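Chemist: Predicted model, plus sequence, below.
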Amino acid sequence: MDIIDQVAPDILVLTDFDYDMDVLALTAFASASSPPFAYTFALQPNAGLLTGLDLDRNGRLGDARDAQGYGRFAGDGGMAILSRFPIATADVKDFSTLLWNDLPGASLPQEGGRPFMSPEVLAVQRLSSTGHWIVPVVLPDGPPVHLMVFSATPPVFDGPEDRNGLRNRDELRLWELVLAGQYGPEPTDFVVVGNANLDPQKGNGYSDAMADFLKNPRLRDPLPNLSTADWGENGPGDLRVSYVLPDKNWRVGDAGVFWPMKGDPSADLGAGGADVAGPHHLVWVDIGR
């Protein structure tokens, strides 16, 4: 919470935040900020939502990888929004129930030249490992800002079928199709925000997909080539995986990643590494009209 208070965002998107039906944890978290966030939003994520099927084909049912998105319990590792401005909850668009098989041009996993997923799995497997939302936030000086929020699966922890890598890429492609008007009117006054779990230049996954997305003419990239997470020397190292990408029509005043260097007065706020805030660092962008 010290990091959040230091950066002092007006709107904050949280990923890997557990969901509970009464939103008690999120309410308490919002109240702990100084000053408290007045508005909150969360939906039950696909993470931890059991399917009753053996999705990873390991011969067991009920494992974390048999859920719609990896999760040890319902609501494990969801998403949430905190805001100092009202959230137009009645106008939220939720794409989280879209089946992977129904995404135009879906890249479904194969093994040995045959489909990895059975017809029964294809009939229930959702594309979103956590969720895909468009959430309007009402601003005091004009039309709402539309937050296009998601948190994609890591493109690892699978086998030669590359189930997670292909799904990660298609979770990003869904936003490409939304921006192109495939799922209703093209969004305006938007910001794509969340954890793509994909670096445009290095690491695992289809980096070219992220690089192409960043070139989308409707987007503005305020932080090109700036790392947002650190998995250490024994892991993939520093990667850019989290993004705040405004509509090109927004004016960007400033942007950064809260990653203070040694000697910076704020460095102690990040002390403790993964024990404090995990490998991901807070990404912020100051936008206006």
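Modeler: Okay, I see it. Remember, predicted model here, so these are calculated numbers, not experimental data.

Chemist: residues in contact with stretch 201-211?
Modeler: Outside of stretch 201-211, the residues that reach it under the criterion CB atoms under 8 Å, 6 or more residues apart in numbering are 154-156, 165, 168-169, 172-173, 196-200, 225, 236, 239-241. Bear in mind the C-beta positions are built from the backbone N, C-alpha and C, glycine included.

Chemist: change it to 10 Å
Modeler: Stretch 201-211 is contacted by residues 107, 152-157, 162, 164-166, 168-173, 176, 196-200, 212, 225, 227, 229, 231, 235-241, 243 when judged by CB atoms under 10 Å, 6 or more residues apart in numbering.

Chemist: ditto for stretch 212-220
Modeler: 169, 172-173, 175-176, 179-180, 186-188, 190-192, 196, 198, 200, 206, 221, 224-225, 240, 243, 245-252, 255, 285, 287.

Chemist: list the buried ones in it?
Modeler: 213, 214, 216, 218, 219, 220 (16 or more other CB atoms under 10 Å).

Chemist: So what would you say the end-to-end distance of that stretch is?
Modeler: One end of stretch 212-220 sits 13 Å from the other (CA to CA, to the nearest Å).

Chemist: pLDDT (mean, whole number) over it?
Modeler: Mean pLDDT, stretch 212-220: 98.

Chemist: go on, stretch 241-254?
Modeler: Mean pLDDT, stretch 241-254: 97.

Chemist: Could you shift the numbering so residue one becomes 3, and keep it that way?
Modeler: All right, first residue 3 from here; so that's stretch 243-256.

Chemist: Return the set of buried residues in that stretch.
Modeler: The neighbour-count criterion (16+ other CB under 10 Å) identifies 243, 244, 245, 246, 247, 248, 249, 252, 254 as the buried residues of stretch 243-256.

Chemist: Out of the residues you listed, which two sit at the greatest distance?
Modeler: Pairwise distances among the buried residues of stretch 243-256 were taken by CB to CB; the largest, 22.1 Å, belongs to 243 and 252.

Chemist: rewinding a little: just name the closest of the buried residues of stretch 214-222 to residue 87, please.
Modeler: Each of these was scored against residue 87 by CB to CB, and residue 222 proved nearest at 21.0 Å.

Chemist: How much space separates the closest one from residue 246?
Modeler: Residue 222 sits 10 Å away from residue 246, going by CB to CB, to the nearest Å.

Chemist: Identify the contacts common to the two.
Modeler: Jointly contacting residue 222 and residue 246 under the rule CB under 10 Å, 6+ apart are 193, 254, 257, 287, 289.

Chemist: Report all helices and strands that the helix or strand residue 175 falls within contacts.
Modeler: Counting by DSSP states H and E, the element that carries residue 175 is helix 165-181. If contacts are counted by 3 or more CB pairs under 10 Å, 6 or more residues apart in numbering; DSSP states H and E, helix 165-181 sits against strand 112-113, strand 134-139, strand 147-153, strand 192-197, helix 209-216.

Chemist: between those, which gets nearest to residue 41?
Modeler: Across the helices and strands packed on helix 165-181, residue 41 has its closest neighbour in strand 134-139 (8.1 Å, CB to CB).

Chemist: and that closest one, what's its mean pLDDT?
Modeler: Strand 134-139 comes out at a mean pLDDT of 98.

Chemist: how big is the angle separating that strand from helix 165-181?
Modeler: Strand 134-139 runs at 40 degrees relative to helix 165-181, counting by axes from the mean of the first three to the mean of the last three CA atoms, to 10 degrees.

Chemist: Pull out the buried positions in strand 134-139.
Modeler: By neighbour count on 16+ other CB under 10 Å, the buried set for strand 134-139 is 134, 135, 136, 137, 138, 139.

Chemist: that older thread, show the buried residues in the contacts of stretch 203-213.
Modeler: Restricting those to buried positions leaves 109, 154-157, 164, 166-168, 170-175, 178, 198-202, 229, 231, 233, 238, 240-243, 245, with burial counted as 16+ other CB under 10 Å.
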